[in-house]
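Student: Pasting the sequence and the predicted model now:
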Amino acid sequence: MAEFSPTNKKRPLFSKSMHASEVRLAWYLISPTAIIVFGLVLFPAIFSIWISFHKIGLYNLNDVFHAPFTGFDNYKAVLSDFAFKWAGPKQWGAWVTTVFYSFISTFITMIAGLIAAILLNRPFRGRGIIRSVFLFPYVAPVISVAFVWRWLLDPRPSGVLNDILLSLGVIDSPQAYLATRGLAIWLVIIFQAWRYFPFAMLMILARLQAIDDTLYEAASVDGASSWQKFISITVPQIRYVLGAIFLLRLLWTFNKFDDIWLLTGGGYGTNVLPVLTFQFSFNMYDFGKGAATAMIMMSALIVFIIGYVLIVMRNSEDN
């Protein structure tokens with residue numbers, strides 16, 4: 001029989017007090033972050049949902065919590081608005097423009113990043129410097145690169161592109177590229193792909209460098225061509241990275257406001273849902289309608305994420 005000891009009797013109490021102290025310390029440490037997240041993320045999101053069901057304008061901003069409840073009237077107003085809905089083959093609504101712009105620019109971004117990663121994965125002199133140069137579009141401030149692009153595409157004869165094409169005799173008069181419907185959206189897509197392909201390049205390059213070289217050596221022994229190696233080895237090894245890039249870039253592009261606003265202001269066929277949200281809220285001062293547009297965007301993204309995750313999980317189970 002073990003001898004009784006007072007220290008053995010007090011040890012559980014000491015352990016409990018230490019655990020309680022650690023729990024309190026943990027709450028003290030995470031409370032500043034929790035307050036910031038609640039104040040800057042959770043509360044604005046919940047408040048936006050609340051605003052979308054109320055009639056709020058400049059006339060009642062001083063008493064916003066007593067704004068009249070409108071139910072789904074704001075959502076009906078957005079869905080029936082000419083700027084939102086489909087207006088014909090030559091006059092897209094904001095939702096069609098957003099879907100087209102988001103998917104096409106994301107796809108081009110991913111392809112450009114893949115090509116750049118494959119090229120930079122090969123050893124050559126000055127590879128580190130070239131990698132750094134390729135990161136410039138991604139790390140440079142968006143306002144600076146946007147105004148450089150506007151200077152390049154300036155509609156005046158002094159614009160860089162106009163000056164080059166006029167001197168070569170390709171065009172007879174200066175062209176307003178960012179003010180041409182149909183062309184403007186493609187220029188915005190190209191700008192988006194150019195600006196964000198380094199993100200895709202970095203993620204793909206990291207995965208390429210983790211692929212075992214013996215796989216390629218075995219394929220070379222079997223007489224596989226470079227294309228066969230790419231299809232049979234590279235693509236299966238990086239497919240999940242490509243899927244993650246596609247999902248992240250699509251979500252970010254779908255919510256992107258500053259790129260289009262700085263280039264075209266949402267005009268000439270480039271009006272997307274984030275710009276439309278800004279216009280409803282701060283041009284028309286209909287904050288309920290603007291919040292409803294944001295909630296429609298969020299709902300569309302949630303549906304896409306759920307569908308994407310289900311497809312990825314199904315493919316993972318099949319493999």
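Tutor: That came in fine, so what should we check first?

Student: Show the contacting residues for the residue lying closest to residue 255 once chain neighbours are set aside.
Tutor: Counting by C-beta to C-beta, 6 or more residues apart in numbering, residue 274 is the residue found nearest to residue 255 once chain neighbours are left out, at 5.9 Å. The C-beta positions use only the backbone N, C-alpha and C, and glycine is treated the same way. Contacts for residue 274 (C-beta atoms under 8 Å, 6 or more residues apart in numbering) come out as 98, 255-257, 260, 297.

Student: Now for residue 301: which residues touch it?
Tutor: Applying C-beta under 8 Å, 6+ apart, we find residue 301 in contact with 251, 254-255.

Student: does residue 256 sit in a helix or strand, and which one?
Tutor: Assigned by DSSP states H and E, residue 256 belongs to neither a helix nor a strand.

Student: and what of residue 86?
Tutor: Going by DSSP H and E, residue 86 is not in any helix or strand.

Student: how close does it sit to residue 100?
Tutor: Counting by C-beta to C-beta, to the nearest Å, the gap from residue 86 to residue 100 is 12 Å.

Student: who has more neighbours, these two?
Tutor: residue 100 (14 against 11; other C-beta atoms under 10 Å).

Student: Dihedrals phi and psi, residue 84?
Tutor: phi -90, psi -50 (degrees, to the nearest 10).

Student: which residue is nearest the centroid of the protein?
Tutor: Nearest residue to the geometric centre of the chain (C-alpha atoms, centre = their mean): residue 252, 1.2 Å.

Student: Just the pLDDT at the residue nearest to residue 255, thanks.
Tutor: Listed pLDDT for residue 274 reads 93.

Student: what do you get for residue 36?
Tutor: pLDDT, residue 36: 91.

Student: And for residue 12?
Tutor: 59.

Student: What of residue 154?
Tutor: On pLDDT, residue 154 comes in at 91.

Student: How many residues are close by it?
Tutor: Neighbours around residue 154, by other C-beta under 10 Å: 18.

Student: Kindly report the same for the one 4 residues further on.
Tutor: Burial of residue 158, expressed as a neighbour count using other C-beta under 10 Å, amounts to 10.

Student: For it, give its distance to residue 215.
Tutor: If you go by C-beta to C-beta, the gap between residue 158 and residue 215 works out to 54 Å.

Student: Also residue 24?
Tutor: Note on residue 24: its distance to residue 215, by C-beta to C-beta, is 52 Å.

Student: Looking at the two now, which is surrounded by more residues?
Tutor: residue 215 (15 against 10).

Student: show me the contacts for that one.
Tutor: Per C-beta under 8 Å, 6+ apart, neighbours of residue 215: residue 233.

Student: Surely it is in a strand?
Tutor: No - according to DSSP: H, G, I helix; E, B strand; the rest coil, residue 215 belongs to no strand; its state is helix.

Student: what's the spacing between it and residue 118?
Tutor: 15 Å.

Student: Next, residue 69: phi, psi?
Tutor: Residue 69 has phi and psi values of phi -80, psi 130 when expressed as degrees, to the nearest 10.

Student: Name whatever forms a beta bridge with it.
Tutor: residue 54 (DSSP bridges).

Student: Kindly tell me how buried it is, as a neighbour count.
Tutor: Residue 69: 9 surrounding residues under other C-beta under 10 Å.

Student: Test my guess that it contacts residue 53.
Tutor: Yes - with contact defined as C-beta atoms under 8 Å, residue 69 reaches residue 53; the gap is 6.2 Å.

Student: Tell me who's in contact with the closest residue to residue 152 other than its chain neighbours.
Tutor: Once flanking residues are discounted, residue 152 sits nearest to residue 160: 4.5 Å by C-beta to C-beta, 6+ apart. When contacts are counted by C-beta under 8 Å, 6+ apart, residue 160 touches 151-154.
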